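> need the 3D shape of this:
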Amino acid sequence: MLARAALPVGLALGVAVEGVFYDASTGIALTAGDFAVGCILIVSGCVAWERRPESRVGVLVAVAGATWFLGNVAGPLVYVHRGPLVQLHLSYPTGRVRARLAQAVVAAAYVDAVIEPLASNDVLTLVLSAAIALTAVRLYARSSGPTRRAGGPALAAALAFAGVLALGAVERLTAGAEYRHAVLWTYDAVVAGVALVLVGDLLRARWSEAVVTGLVVDLGAVAESGTLRTKLARALGDPSLVIAYRLPETGAFVDDAGRPVELPAPDSGRTVTPLADGGEETAVLVHDELVTDRYLLESVAAAARIAVSNARLQAEARSRAAELEASRRRIVEAADAQRRRLEQELRAGPEHRLEAVASRLAEVRAAAAEAVAELEAALAETRRELEELARGIHPSALTDGGLEAAFSQFALRAPVPVDVNVSVERLPAAIETALLFVCSEALANVAKHARASRAAIDVRADARRVELAVSDDGVGGAEPSRGSGLAGLADRVEALGGALRVESRAGAGTKVVATLPISEAA
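A predicted model of the protein is given here:
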């Protein structure tokens, strides 16, 4: 819309300036040619601005056209159009100058353009033209992807503009006034010609078609030719490109190795292009914000959609595999820690007593009757402690009477009154053991942290699943992530296909709920 409004304003400016500030010494033909060049710049720039708004090329060409006519208003303004033209040649096809060398040359061109004594200095003009040519060659040599494919016309245009600048400076330095009009005609033709070539190339997006064609061929090649990320990065000319796959369960993003990916923040120099499949966003491309060609991005996304879907499934599988591996590792670590604790308890209790029994055996000869009596008492005490320890590992009440008997035994040992409601028959051994550990840990937390006056154990089951709920009326505010007890139990429950959740609002007590499928453990 803005481009359409700028078009008649620019043309009207050209007509007014050429009419009011007509110079008879220049001649009708050269004046008409000058007017035509300005109109070509404004019209082509506005068309490119409207058709390719993501690129700044149209704006630069239109600005060059508007400033082209300023030279008729005042002599010192005759060189102002050089600034946007130099930026055009060193930033095509995005219109954005990123390389530091190019930024320096463009800045020097603008300074030269607005300060007439510098612009009219032919030696400085030769230096500027050489800098433009060398920078254009360097940018082309270091470009890749669509920038490299678009670099041919850009390089040719930059060299042509640098050459015509140098031609004018040489003509003035050699005082060849007889060639003045020929040089001006050449300058006008080059400026108009390169504008038309670059705008036409921008509108046709010739390089985008070539990139997409090459990408389609590349995606059909064997896997050894590179990863999907590498191929897309090469196609877009952005080595830092990242493909982030959305996990449907959580909405989080991971890369092709299953590692989490954080989407870039605004003003970070990075942007996001979504990739959708069937109306659902399955992945995003995180790339340099200078990659702005929407046609190219959409075409690349369309060409890579199937490959992205396959890679996304692989990324999900790797992410789940990593989570499963971590879960199994935590279970093993928890089991090892439990074994170490049991070993310490055995050494601190029964083993110590057995050592004492062994030492007393050496004294049997001296006082046989008295020593035997003491040995019998010590052995009885040791047997009792071992039985108690065995019940702590796997209570005999669970083996003999099931969950109701085991939970009732837990309730008797709890420091607060516990209501037990178990409405299930015998369950698979793995299910009963998991529920036993959950209940034991939950009641241990009630005793340690809850400051509760009552607790309850409730077990219900149907044909497909069983649910255990251990609740209290304590202070609440429990954080399962702070301790390893409930985290390890969650891994055990999840390993059986179940789920563990903790409901604990401050001041409202705590409720630990474990749900397990019966069929999977049968």
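
> pLDDT value on the closest residue to Ala119 other than its chain neighbours, please?
Excluding the flanking residues, the one nearest Ala119 by C-beta to C-beta, 6 or more residues apart in numbering is Tyr79, at 3.6 Å. From N, CA and C alone the C-beta is placed, and that goes for glycine too. Per-residue pLDDT puts Tyr79 at 87.

> contacting residues around Tyr79?
Listed by C-beta atoms under 8 Å, 6 or more residues apart in numbering, the contact set of Tyr79 reads Gly71, Asp112, Ala113, Val114, Glu116, Ala119, Ser120.

> try it again at 10 Å.
Going by C-beta atoms under 10 Å, 6 or more residues apart in numbering, Tyr79 touches 67, 70-71, 109, 112-116, 118-120, 125.

> mind listing the strands for the stretch 151-300 of the chain?
Using DSSP state E, counting those that start in this stretch, the strands assigned to the stretch 151-300 of the chain run over residues 242-246, 253-254, 270-277, 280-288.

> helix/strand/coil for the residue nearest to Ala119?
Following DSSP: H, G, I helix; E, B strand; the rest coil, the label given to Tyr79 is coil.

> for Val191, see how far away it is.
Tyr79 sits 13 Å away from Val191, going by C-beta to C-beta, to the nearest Å.

> and Val106, by the same measure?
17 Å.

> which of the strands of the stretch 151-300 of the chain is buried the deepest?
Of all the strands of the stretch 151-300 of the chain, strand 242-246 has the most neighbours on average by mean count of other C-beta atoms under 10 Å, namely a mean of 23.

> rounded mean pLDDT for that strand, please.
81.

> and the average pLDDT for the helix or strand hosting Leu489 is what?
Here Leu489, judged by DSSP states H and E, is contained in helix 484-495. Mean pLDDT, helix 484-495: 72.

> give the next helix or strand downstream of that helix.
Helix 484-495 is succeeded, C-terminally, by strand 499-504 (DSSP H and E).

> which parts of that following strand are buried?
By 16 or more other C-beta atoms under 10 Å, the buried positions in strand 499-504 come out as Leu500, Val502, Ser504.

> quick one, that strand and helix 484-495 angle?
140 degrees (axes from the mean of the first three to the mean of the last three C-alpha atoms, to 10 degrees).

> what's strand 499-504 packed up against?
helix 429-445, strand 465-472, helix 484-495, strand 510-517 (3 or more C-beta pairs under 10 Å, 6 or more residues apart in numbering; DSSP states H and E).

> would you mind getting the angle between that strand and strand 465-472?
20 degrees.

> could you number the chain from 53 rather than 1 from now on?
Renumbered: residue one is now 53, and that last one reads strand 551-556.

> only C-alpha atoms, please: export strand 551-556 in CSV.
Output of strand 551-556 as CSV, limited to C-alpha atoms (Å, rounded to 0.1, in the frame of the first residue of the first chain):
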residue,chain,number,x,y,z
ALA,A,551,1.6,-42.9,36.8
LEU,A,552,2.3,-41.2,40.1
ARG,A,553,1.0,-37.8,41.1
VAL,A,554,1.2,-35.6,44.2
GLU,A,555,-1.5,-33.2,45.2
SER,A,556,-0.2,-30.9,47.9
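
> can you list the strands that that strand pairs with?
strand 562-569 (antiparallel) (DSSP bridges).

> mean confidence (pLDDT) on the partner strand, please.
For strand 562-569, the mean confidence score works out to 90.

> just to revisit the earlier point, which one in the contacts of Tyr131 is the model shakiest on?
Minimum pLDDT across the contacts of Tyr131 is recorded for Gly123, with 68.

> quick one: Glu555 and Gly529 touch, right?
No. Between Glu555 and Gly529 there is no contact under C-beta atoms under 10 Å: 11.3 Å.

> domain-wise, how is the chain divided?
54-256, 277-374, 403-444, 447-573 (automatic domain parsing).

> ok so, going back, want to throw the buried residues of strand 551-556 into a markdown table with pLDDT and distance to Ala499?
Converted to a markdown table, the buried residues of strand 551-556 look like this (pLDDT from 0 to 100; distance: C-beta to C-beta, whole Å):
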| residue | pLDDT | distance to Ala499 |
| --- | --- | --- |
| Leu552 | 88 | 20 |
| Val554 | 87 | 17 |
| Ser556 | 83 | 16 |
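
> of the residues you listed, closest to Asp525?
Using C-beta to C-beta, Ser556 comes nearest to Asp525 of those, at 12.0 Å.

> my guess is the closest one meets Val498, correct?
No. If you go by C-beta under 10 Å, Ser556 and Val498 don't touch, sitting 11.5 Å apart.

> lowest average confidence, helix or strand, in the protein?
helix 258-271 (a mean of 52; mean pLDDT, DSSP states H and E).

> tell me the buried residues in whatever helix or strand Val189 lives in?
Using DSSP H and E, Val189 sits within helix 174-194. The neighbour-count check on helix 174-194 (16+ other C-beta under 10 Å) flags Asp174, Thr177, Leu178, Leu180, Ser181, Ala183, Ile184, Ala185, Thr187, Ala188, Leu191, Tyr192 as buried.

> how many residues are close by Leu153?
Counted by other C-beta atoms under 10 Å, the residues lying close to Leu153 total 15.

> any buried residues in stretch 167-175, and which?
Glu168, Ala171, Ser172, Asp174.

> ok, now which ones touch the second one?
The neighbours of Ala171, taking C-beta under 10 Å, 6+ apart as the test, are 128-132, 134-135, 161, 163-165, 177, 180.

> give me the buried entries from those residues.
Leu129, Val130, Tyr131, Val132, Arg134, Gly135, Ala161, Asp164, Ala165, Thr177, Leu180.

> is it correct that the fourth one is in contact with Thr119?
Which is Val132. Yes. Counting by C-beta under 10 Å, Thr119 is a contact partner of Val132 at 4.4 Å.

> what do these two both touch?
Both Val132 and Thr119 are contacted by Ala165, Val166, under the criterion C-beta under 10 Å, 6+ apart.
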